[in-house]
Structures are given as structure tokens and as C-alpha cells.
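>>> Prediction below, plus the sequence it came from.
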Amino acid sequence: MKKITLPLSEQDAASLRAGDSVLLSGTIYTARDCAHKRLFALLDEGAPLPFDLHNAVIYYAGPCPAPEGKACGSCGPTTSARMNAFAPRLLDAGLGGMIGKGEMSEEVGQALVRNKRVYFAAIGGAGALYGNAIVSSECVAFPDLLSEAVYRMEIKDFPLVVAYDRYGNSIYRR
């Protein structure tokens with residue numbers, strides 16, 4: 001199992017292959033459909049985004065409220081295909097990678113190759129496990145969206161699988 005610390009370096013991305021198991025640590029941002037629509041509106045207006053997109057990793061998830069003594073509640077992945085329309089533009093703008101559940105479109109795969117980025121798959125149904133790997137969580141944008149707001153999270157040893165690598169390989173097409 002490879003241990004990777006974010007931001008994802010060029011060397012780390014180059015070393016990853018579809019099917020590799022990874023323990024990811026560092027800063028990620030959550031964003032689901034509604035947040036992506038608002039991020040696109042900001043991009044269309046030429047307005048600054050609520051976080052630096054360069055080499056950032058977006059987790060397609062909506063965290064549950066934190067129970068006493070924890071940074072976050074359950075935080076499992078949502079279906080990534082719902083972000084197919086958004087991912088290529090964000091990757092072209094500097095996004096370092098994504099974390100989600102399930103296969104993404106051919107266009108997203110091409111954008112990952114073009115930008116030398118990776119897509120990590122999280123395990124569906126393991127929200128409590130992922131919640132326990134979140135060290136801190138803070139809403140940084142769109143608080144009116146509640147669990148679909150953008151949260152900056154510090155994670156430690158977040159278990160993932162490389163679903164798409166920067167070379168065009170996918171665990172879904174093996």
C-alpha cells in the first residue's frame with residue numbers, strides 16, 4: 001500500500017497505477033453537484049474560487065454532522081458520474097484529482113490523461129471508516145448547501161484505490 005501526502009506531486013501522480021491501494025493524507029475539499037454548479041458560476045464570472053484549485057483534490061461527498069469528540073461524522077463517497085459534466089473543466093483549470101465512487105466518463109478519462117492527474121475510488125458504504133480518517137473539517141464555501149457545501153478537510157491514512165491513472169488505465173476497463 002502506498003502512502004501519499006497531498007498536495008499530489010508530479011512524482012506521486014507518475015508513480016500511481018490503476019489498481020494501486022493508497023493511504024492518502026493531507027488536505028481535500030468536498031464538493032457535490034450543487035457546489036460544482038456554484039463553482040462553475042464563479043469561473044464563468046471570472047470570480048475567485050473559495051479554494052485554490054491548483055493541485056487540489058476534490059472528494060465527491062457530503063459529510064454528516066460531527067458527533068461529540070470527532071471532526072466529522074460519516075463521510076462516504078457519492079456517485080462520481082454525476083460530476084462528469086464538471087470534471088474536465090476543473091482538471092483543465094488545475095485540479096489535482098478527485099475521489100469518488102464508480103466509473104466516470106471517457107471525457108473525464110481523457111482529461112485525466114491530458115492533465116496527468118488521477119481519480120481515486122472510495123469504498124461505497126464505508127462512510128464511518130472515512131469519517132474516522134478525517135482529522136479536521138471546516139466549511140469554506142456555500143454554507144446554505146448544508147452537507148453539500150464545500151468543506152476543507154485534513155485527512156490521515158484515507159484508504160483509496162487508484163481508479164484511473166494518468167496513463168489512461170482504469171480499474172473499470174480491465
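That came through fine. Residues are numbered from 1 along each chain as shown.
>>> Could you pull up the contacting residues of the residue nearest to residue 16 when sequence neighbours are not counted?
Nearest residue to residue 16, sequence neighbours excluded (CB to CB, 6 or more residues apart in numbering): residue 162, at 4.8 Å. For the C-beta atoms, the positions are set from N, CA and C on the backbone; glycine is no exception. By CB atoms under 8 Å, 6 or more residues apart in numbering, the contact set of residue 162 is 16-20, 22, 118-121, 171.
>>> Export those residues to JSON lines and append columns for pLDDT, neighbour count and distance to residue 31.
Below are those laid out as JSON lines (pLDDT from 0 to 100; neighbours: other CB atoms under 10 Å; distance: CB to CB, whole Å):
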{"residue": "16", "pLDDT": "97", "neighbour count": "21", "distance to residue 31": "22"}
{"residue": "17", "pLDDT": "97", "neighbour count": "14", "distance to residue 31": "26"}
{"residue": "18", "pLDDT": "97", "neighbour count": "21", "distance to residue 31": "23"}
{"residue": "19", "pLDDT": "97", "neighbour count": "14", "distance to residue 31": "26"}
{"residue": "20", "pLDDT": "98", "neighbour count": "18", "distance to residue 31": "24"}
{"residue": "22", "pLDDT": "98", "neighbour count": "19", "distance to residue 31": "20"}
{"residue": "118", "pLDDT": "97", "neighbour count": "28", "distance to residue 31": "17"}
{"residue": "119", "pLDDT": "98", "neighbour count": "28", "distance to residue 31": "14"}
{"residue": "120", "pLDDT": "98", "neighbour count": "26", "distance to residue 31": "15"}
{"residue": "121", "pLDDT": "97", "neighbour count": "24", "distance to residue 31": "17"}
{"residue": "171", "pLDDT": "97", "neighbour count": "17", "distance to residue 31": "23"}
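>>> just curious, which of those is nearest to residue 5?
When the contacts of residue 162 are compared for distance to residue 5 (CB to CB), residue 22 wins out at 10.8 Å.
>>> Remind me what the helix or strand that closest one falls within packs against, helices and strands.
Per DSSP states H and E, residue 22 falls inside strand 21-30. Where contact means 3 or more CB pairs under 8 Å, 6 or more residues apart in numbering; DSSP states H and E, strand 21-30 is packed against strand 2-5, strand 57-59, strand 150-164.
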